[in-house]
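Engineer: 3D, please:
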Amino acid sequence: MLPAVALTLAFLGQASTPPAPCSGDLIGNVESFSGAWTILPRNEAVSAHACILRGDSLRKNDGPSSGDITILFFGGEPFVRNCRKDACTGVFRVPTTAPADRPQGLVALFTSYWTSRPQRPPIFAVARGIGDEPLPAVAIYEFDRLKLGAAVAPLGSGAHRVRIQRQLPSTGPHMELTISTPDGIVAVPGILPGLYSLERIDESGAPAGAATAVLVLASPNQPIEKLYAEARAQVDTWRNKDPSVIRSFLTEVVMALYYQSAS
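Structural biologist: Coordinates of the predicted model:
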């Protein structure tokens, strides 16, 4: 099984500097939380993207009936504890699975990403929208054509106005495009590889949704595309089909794939 994903507000890029690198027997990462929590036995206050190590437990400190926490970890469904629905009393251990139950390609990907803790563009700091929003995806650019089919598939058939802008390794000018679905292929010259933001816009050019992370590759890359496909396949097995959960997880995947492709 695969790491869990965020159900509530994601903290991607919230701080101007990346959090401290993880060390030890890393099994997971705090994706979102509200309220005051402590990681035991280290007695460490939970912060955005705090490391979760094997054997860690959690304790809620500021009342059992408020707050929530979501953790990505190596295996199983999203670990989401909503204290408003299920009182958070006492100490509870973060679940894990046996190494044989984990997809090793994605485990290695997330371990490297969480251990290095690279910078995250602030544009991805806001909570993911719900409904017919683009999905974080990998896109191939070749022969002056950008293939955004995986990203825009949720928008439904028809023509859609979007804005794309390169965020890493450096920011670039934004481009407004009209994309027809379901193929999602658009002719556009001069696209450089890198991590892009993609967002729907209305007729006036104003944003009509949250920014979505898209990794643009200059040519097909089988290892990168295979890992992304593996992540999408794992999402299909989840019982929790909340669009915000899926987008938050796939954002983590795309970010990690960007840094792998750039290394």
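Engineer: please enumerate the helices of the chain.
Structural biologist: Ranges of helices in the chain, per DSSP state H, are 104-116, 149-152, 222-237, 243-262.
Engineer: show me what the first one is packed against.
Structural biologist: Spelled out, it's helix 104-116. strand 26-34, helix 222-237, helix 243-262 (3 or more CB pairs under 8 Å, 6 or more residues apart in numbering; DSSP states H and E). For every residue, glycine as well, the C-beta is placed using N, CA and C.
Engineer: please point out which parts of the second one sit buried.
Structural biologist: The neighbour-count check on helix 222-237 (16 or more other CB atoms under 10 Å) flags 224-225, 227-228, 230-232, 234-235 as buried.
Engineer: just put the helices and strands packed on helix 104-116 in a markdown table and tack on mean pLDDT and distance to Ala187.
Structural biologist: Converted to a markdown table, the helices and strands packed on helix 104-116 look like this (pLDDT from 0 to 100; distance: least, CB to CB, whole Å):
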| stretch | mean pLDDT | distance to Ala187 |
| --- | --- | --- |
| strand 26-34 | 83 | 37 |
| helix 222-237 | 89 | 22 |
| helix 243-262 | 86 | 23 |
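Engineer: among those, which comes closest to Gly63?
Structural biologist: Closest of those to Gly63 is strand 26-34, at 11.6 Å (criterion: CB to CB).
Engineer: what lines up beside the closest one in the sheet?
Structural biologist: strand 51-53 (antiparallel), strand 68-73 (antiparallel) (DSSP bridges).
Engineer: what's the least confident stretch among the ones you listed?
Structural biologist: Mean pLDDT is lowest for strand 68-73 out of these, coming in at a mean of 82.
Engineer: give me whichever of the strands paired with strand 26-34 is most buried.
Structural biologist: Stretch with highest mean neighbour count among those: strand 68-73 (a mean of 24; mean count of other CB atoms under 10 Å).
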